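In: this is a predicted model, with the sequence first.
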Amino acid sequence: MSVSNDVPSGEPIRGLAPDQEAVEAALVERVVASFDGCGSPRLRELMVGLTRHLHAFIREVRLSEEEWGAAIDFLTRAGHITNDVRQEFVLLSDALGASMQTINVNNASYRNATEATVFGPFFVEDATHVELGGDLAFGAPGEPCWVEGRVTDTDGRPLAGARIEVWEADADGLYDVQYDAAKRAARGHLFSDVDGSYRFWALTPTPYPIPDDGPVGQLLDAVGRSPLRAAHLHFMVSHEGARTLVTHIFPEGDPIGVRDAVFGLKESLVKPFAQQPAGTPTPDGRPLDGTWSRVRFDIVLAPAGA
């Protein structure tokens, strides 16, 4: 649904002298008018909306020149720390809830389809293919976890050959690429079976902090917020004719829970990760010396365009 470009300038700023109010409001209209020649109606809509909201923020909080300078410095430092592995602007978007809100806007609920959540900054395209029942931990430290489920459409029909991308942090709270950009562990992709089923070994998820040694971490510290993410396992699931799903599953009982630093937790995605004592037989007969866990996650894909 398109939003009109003719967004009102807002109510006059309380306590502002009429002459000053007129000067500030006139500038907003001049900037808005500068986009009149834009050949793309959608780009004009975006720029006009951004301009009005940005100017409204500056005027409402009476932003000082020093504060605006600090904001520019913050963004500059975020750019300097960003590289092929680390995306500080994704972290900023996540930490402000902007990523999650964009997900909400673009993934409207549809019948019983699995809910989407944030993508995160650590997905890579070249994850190793693993066979059904394979181990995508590839030696990463952590407790083994057996993951299984089915991929279906919203009418319950199995979706064979769905591509399932999986990635997660290890028990030390780090993703493979944080050790070495070329390293591949605790991630992989597989395809659902003819009946839509899938299964693999991964690691039991544990909480970890988002990278907090840069500008975003400093911001969270300044406002008294924790950088910790709730424990989770990432999924991206795609199938012809279906809306691609980006989501996580979260273990029950995680003390971080809704205080997740990027606001990604949704109650429907919280799953029981059943702890198994050492010596408990595994589903595939794999010998394990210690404890392990298991979880079931049935995935329902909405139709494309829904």
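Out: Structure's in. What do you need?
In: quick check: next helix or strand after the lengthiest helix in the chain?
Out: Counting by DSSP state H, the longest helix found in the chain is helix 41-61. Following helix 41-61 in sequence order, the next helix or strand is helix 65-81 (DSSP states H and E).
In: how far off helix 41-61 does that following helix point, in degrees?
Out: Inter-element angle recorded for helix 65-81 and helix 41-61: 130 degrees (by axes from the mean of the first three to the mean of the last three Cα atoms, to 10 degrees).
In: okay, helix 65-81 in PDB with CA atoms only?
Out: Extracted C-alpha coordinates of helix 65-81, given in PDB (Å, rounded to 0.1, in the frame of the first residue of the first chain):
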ATOM      1  CA  GLU A  65      25.100  21.200  16.500                       C
ATOM      2  CA  GLU A  66      27.400  19.200  18.800                       C
ATOM      3  CA  GLU A  67      24.900  16.300  19.000                       C
ATOM      4  CA  TRP A  68      24.500  16.300  15.200                       C
ATOM      5  CA  GLY A  69      28.300  16.200  14.900                       C
ATOM      6  CA  ALA A  70      28.500  13.300  17.300                       C
ATOM      7  CA  ALA A  71      25.900  11.400  15.300                       C
ATOM      8  CA  ILE A  72      27.900  12.000  12.100                       C
ATOM      9  CA  ASP A  73      31.100  10.800  13.900                       C
ATOM     10  CA  PHE A  74      29.200   7.700  15.100                       C
ATOM     11  CA  LEU A  75      28.200   6.800  11.500                       C
ATOM     12  CA  THR A  76      31.700   7.500  10.200                       C
ATOM     13  CA  ARG A  77      33.200   5.100  12.800                       C
ATOM     14  CA  ALA A  78      30.500   2.500  11.900                       C
ATOM     15  CA  GLY A  79      31.600   2.800   8.300                       C
ATOM     16  CA  HIS A  80      35.300   2.400   9.200                       C
ATOM     17  CA  ILE A  81      34.800  -0.800  11.200                       C
END
